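# Just a sequence and a predicted model for now, questions to come.
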Amino acid sequence: MVLYMNLRPVDDQKNFPPRDEVPACILTKGLLITTAVDYEIRCCAFFTAIFRTLLEDLLQLLERDKNNFDWAIHLWNTSMHVDLPKTRNKFFERVRLECENLCTRGCDTEKYADDGGN
C-alpha cells in the first residue's frame, strides 16, 4: 500500500498532482511558530489518524468483500488514485477530524489550516 501526499506550496504553478490540503496544512503550516515538541506531537497524531482511518476503510471493504484482503487493498488503492480527488479529500478530512481528536495541548491542527504558513 502506498498513500501519496502532495505537500507542495499552494502557489506551485504546475500543481500536479493536486495539493492534498489536509496533510499539507497539518505537516507544513505554522512551522515558524511551532516548537519541535509540538511538531512531534502533531506528526504522531497525524500518522496515528492516517492508520486509524485506513483501518476503518479496510474493515468496511473486508466486510463488504467477504474478507478478501488482497481485493480490499486493491479497492482502497484504486479509490485513492490522484484522479479521484473527491475520495482522497473525504479520506483526508476524516484523517483531520481524527487528528484533532488525538491532539492535546500544543497540537491545535485548526490553527494551522489558515495561518498562511507562518
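Alright, I've got the coordinates.
# what about residue 46, how many neighbours?
The tally of other residues near residue 46 (other Cβ atoms under 10 Å) stands at 21. Bear in mind the C-beta positions are built from the backbone N, C-alpha and C, glycine included.
# give the contact list for it.
Contact analysis of residue 46 by Cβ atoms under 8 Å, 6 or more residues apart in numbering lists 23, 26, 27, 95, 99.
# could you redo the last one with a cut-off of 10 Å?
22, 23, 26, 27, 95, 96, 98, 99, 102, 103, 107, 109 (Cβ atoms under 10 Å, 6 or more residues apart in numbering).
# Residue 88 too?
Counting by Cβ under 10 Å, 6+ apart, residue 88 touches 3-6, 17-18, 20-22, 79-82.
# On the three-state scheme, it is what?
Going by DSSP: H, G, I helix; E, B strand; the rest coil, the secondary structure assigned to residue 88 is helix.
# Quick check: residue 27 vs residue 81, distance?
21 Å (Cβ to Cβ, to the nearest Å).
# Look at the two and report which has more neighbours.
Ranked by neighbour count (other Cβ under 10 Å), residue 27 and residue 81 place residue 27 first, with 17 against 12.
# can you tell me which helix or strand the nearest residue to that one once chain neighbours are set aside belongs to?
Spatial nearest neighbour of residue 27, excluding adjacent residues (Cβ to Cβ, 6 or more residues apart in numbering): residue 7 at 6.1 Å. Assessed by DSSP states H and E, residue 7 sits outside every helix and strand.
# gap between residue 7 and residue 24?
In this structure, residue 7 and residue 24 are 5 Å apart, going by Cβ to Cβ.
# Among the two, which residue is more densely surrounded?
Here residue 7 and residue 24 are compared on neighbour count by other Cβ under 10 Å; more neighbours surround residue 24, at 20 against 14.
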